[in-house]
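A.B. asks: Compute the structure for the input listed below.
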Amino acid sequence: MSSSDQLPKPKPSGRSTRRGAPSRVDAVRRSFDAVIGVFTGKTHVPAPTLRWGLLLVAAGAVVAALVTMFVTGFDNKGLEAHTPGSPAEPVVDKEFGTAVEGDCLSWTKPDHSDLVKVRCENKHMFEVAADVDMAKYPGKEFGPGSRFPDSLRLTELKEEHCVPAVQQYLNGKFDPRGRYIVGLMYPSPDGWQHGDRTLRCGLQYAASAGTPASTGSAAEHDQSKVYGPGVCLGINQNLPTDPVDCAQQHAVEVVSTIDLGQRFQGGPPDKDAQDKFVEDECARTSSDYLGGPDVVRNKTLTLFFDYLDARSWLAGSRKLDCMIGKGADREGFAPITGSAKGDILINGQAPVPPPNTGRSTPAPLPGAAPLPPQPQPR
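C.D. replies: Okay, the predicted model is just below:
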């Protein structure tokens, strides 16, 4: 990420930081490169706090990009569904083999060998949007005796079949920045050898690791990528990850969830009007959550929030989280231990409140810190 894309460091004044308007494609590419660099040790992520670091990594855009590489988001081996059997017998999984649109699937074992259908209102790992029998396609690629597709081909099949299937399943209202990602389930190599060519496309929760269980049908839910008050997002290489207990080290803590549908009706709201509403609501609700208007300032934290773009709005997403965190001195986020409702440690040290001048110190205004000029979206 270049220096021109860096955001101002969070200041210990409690002022909130808003996300700018960089090019969506460039921002995703920069965030993706940064995450890959972190895991390969070749890149240092500068201190752009939440705008594209958190809100693309934790909110799912970068996660979705990584999941695309790994086909299903579970691991780089993909998600195979099968029932163990002798090598001489066909490997057929009754639950997987009969799953159709609207079915929800769950499992507990790492190899998914205990995969079962469950009611979607119960906890589940995968919601089927479509089943696609590749044997019906002409050509030799999926015919008898054909070779099991490699990960690259499975990724292509997911893009070709599952992305449009999910869009159709959700009546064209899939939020690419929301809580769900497109997933692909496919037969095991043994099942493939015995003639199973059915792919199952569907939806699963976005996460940086593992497969969180979801509850309720994605077709009926607001897809907003929100966690809710009191949830803390873990930290790895100074970047936010998945929810953890706030007693563990974390990057940010959610103080409230704002429903923009209570303020805006109709089409996507103007960004400035949206930002003003969210700023005011985050400032108010953070004071309520923490027990006072000066807590954020005294604990040297900063208030962060995102905004909903047109794609998310048209998909039906209406909610945003307000979060508090501490920017690291040089890059990413500083690790915080403990909920901000009580005593916390930042980098293992108790925060030192900024000096009081003796004058009355009003509550800091959200967004009061001026932002440098931001590149306009293309």
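A.B. asks: for the record, mean pLDDT for the helix or strand hosting residue 321?
C.D. replies: Using DSSP states H and E, the element containing residue 321 is strand 319-325. The average pLDDT within strand 319-325 is 96.
A.B. asks: I'd say residue 165 and residue 129 touch.
C.D. replies: Yes: using Cβ atoms under 8 Å, residue 165 is in contact with residue 129, at 5.0 Å. C-beta here means a position set from N, CA and C on the backbone, and glycine is covered the same way.
A.B. asks: any common contacting residues for the two?
C.D. replies: Shared contacts of residue 165 and residue 129 (Cβ atoms under 8 Å, 6 or more residues apart in numbering): residue 201.
A.B. asks: quick one: contacts of the strand holding residue 321?
C.D. replies: Here strand 319-325 has contacts from 10, 49-50, 54, 222, 224, 226-228, 233, 251-261, 278, 281-282, 285-286, 296, 301-308, 333-334, 336, 340, using Cβ under 8 Å, 6+ apart.
A.B. asks: Neighbouring strands of it in the sheet, and parallel or not?
C.D. replies: strand 250-259 (antiparallel), strand 302-304 (antiparallel) (DSSP bridges).
A.B. asks: Figure out which of those strands is closest to residue 202.
C.D. replies: Nearest to residue 202 among these is strand 250-259; the distance by Cβ to Cβ comes to 26.0 Å.
A.B. asks: in this protein, which helix or strand is least confident?
C.D. replies: Least confident helix or strand of the chain, by mean pLDDT, DSSP states H and E, is helix 61-69 with a mean of 35.
A.B. asks: what's around residue 115, how many residues?
C.D. replies: 24 (other Cβ atoms under 10 Å).
A.B. asks: make that residue 270, sorry
C.D. replies: Look at residue 270: counted by other Cβ under 10 Å, it has 10 neighbours.
A.B. asks: and it, backbone torsions?
C.D. replies: phi -60, psi 140 (degrees, to the nearest 10).
A.B. asks: okay, it: pLDDT?
C.D. replies: Looking at residue 270, its pLDDT stands at 91.
A.B. asks: same thing with the one 3 residues further on?
C.D. replies: At residue 273, the model reports a pLDDT of 94.
A.B. asks: Residue 210 now?
C.D. replies: The model reports residue 210 with a pLDDT of 75.
A.B. asks: What residues does it make contact with?
C.D. replies: residue 242.
A.B. asks: Quick check: it vs residue 296, distance?
C.D. replies: Taking Cβ to Cβ, to the nearest Å as the measure, residue 210 falls 31 Å from residue 296.
A.B. asks: try residue 346
C.D. replies: 13 Å.
A.B. asks: Who has more neighbours out of these two?
C.D. replies: Neighbours were tallied for residue 346 and for residue 296 using other Cβ under 10 Å; the higher tally belongs to residue 296 (26 against 20).
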